[in-house]
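> Sequence plus predicted model, see below.
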Amino acid sequence: AQRVTQPEKLLSVFKGAPVELKCNYSYSGSPELFWYVQYSRQRLQLLLRHISRESIKGFTADLNKGETSFHLKKPFAQEEDSAMYYCALVNQAGTALIFGKGTTLSVSS
Amino acid sequence: DAGITQSPRHKVTETGTPVTLRCHQTENHRYMYWYRQDPGHGLRLIHYSYGVKDTDKGEVSDGYSVSRSKTEDFLLTLESATSSQTSVYFCAISESGRNGQYFGPGTRLTVT
């Protein structure tokens, strides 16, 4: 079965603290994974795709096939990082994305 | 932002009435998607299209229909709106099913 699990509904951290948003997946074969961010009442924006291995806004994510994880990390959180974050997986048919339920990140000073 | 718009942006309607939401793109992307976003459920796929007149069902398609007569437009119809369809609806586009998707601004629908 194809599935994306984001185990935390809410993650609260202080400004300057490290952040790790967890994403685990279930998939047969080589997965293709993304992270999306949604700031308050705005549209979802593509943040990262695992094949590009790039860093956006200081965030990185590494695919760990052994642990079937694609956690999103940032060494020093900023208040403007407060948002909803979604992990997504390309489905087996290659036609659509399967989204996790999202994690709200709250960064306070 | 990719050239993708949704209309209307807000709508209040009564139970039992039909409602049509429109998604319009200027990117000439092949794939178009309709999602609903609800607290505790995240994003759930309603229907998607992989070309003109080519559509398929998603996870929560009951009570919804779609049409795509032109590359740029993808319509979502609630045949007889119910209160459980109160939600925020997002349209998304993609060059292929394996590429990242780009989202519209959303439509907030309230069914009273």
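That came in fine, so what should we check first? Numbering: from 1, shown residues only, chains lettered A, B, ... in the order given.

> what number of residues lie near B:Cys23?
For B:Cys23, the count of nearby residues is 26 (other CB atoms under 10 Å in any protein chain shown). (C-beta placed from N, C-alpha, C; glycine too.)

> again with B:Leu43
Residues contacting B:Leu43 under the criterion other CB under 10 Å number 25.

> Quick one, grab the pLDDT at B:Gly42.
B:Gly42 is assigned a pLDDT of 89 by the prediction.

> How about the one 3 residues further on?
Looking at B:Leu45, its pLDDT stands at 95.

> partners of it in the sheet?
B:Tyr35 (DSSP bridges).

> if I read this right, it contacts B:Tyr33, doesn't it?
Yes: checked against CB atoms under 8 Å, the pair B:Leu45 and B:Tyr33 is within contact range at 6.4 Å.

> Those two: which is more packed in?
With other CB under 10 Å as the criterion, B:Leu45 and B:Tyr33 differ in neighbour count, and B:Tyr33 comes out ahead with 27 against 21.

> A:Arg36 contacts A:Leu46, doesn't it?
Just to correct that, residue A:36 is Tyr rather than Arg. Yes: if you go by CB under 8 Å, A:Tyr36 and A:Leu46 touch, sitting 5.9 Å apart.

> what about these two, which has more around it?
Neighbours around A:Tyr36 and A:Leu46, counted as other CB under 10 Å, are more numerous at A:Tyr36. The numbers are 25 against 17.

> And what about that one, helix, strand or coil?
The three-state assignment at A:Tyr36 reads strand, by DSSP: H, G, I helix; E, B strand; the rest coil.

> And for A:Tyr85?
Look at A:Tyr85: counting by three-state DSSP, its state is strand.

> Show me what it is bridged to.
For A:Tyr85, the residues forming beta bridges with it (DSSP bridges) are A:Val37, A:Thr103.

> before we move on, the earlier item: mutual contacts of B:Leu45 and B:Tyr33, please.
When contacts are counted by CB atoms under 8 Å, 6 or more residues apart in numbering or on different chains, the set common to B:Leu45 and B:Tyr33 consists of A:Ala96, B:Gly58.

> if I pick the spatially most central residue of chain B, what's in contact with it?
Closest to where the C-alpha atoms of chain B average out (CA atoms, centre = their mean) is B:Trp34, at 2.9 Å. Under the criterion of CB under 8 Å, 6+ apart, the contact list for B:Trp34 reads B:21, B:23, B:45-48, B:58, B:64, B:66, B:74, B:76, B:89-91.

> Which residue comes closest to A:Leu105 once chain neighbours are left out?
A:Leu11 (5.2 Å; CB to CB, 6 or more residues apart in numbering or on different chains).

> Over to A:Gln45?
Of all residues beyond its chain neighbours, the one nearest A:Gln45 is A:Val37 (5.4 Å), with distances taken as CB to CB, 6+ apart.

> Equivalent analysis for A:Gly58, please.
Ranked by CB to CB, 6+ apart and with sequence neighbours excluded, the top spatial neighbour of A:Gly58 is A:Lys74, at 5.1 Å.
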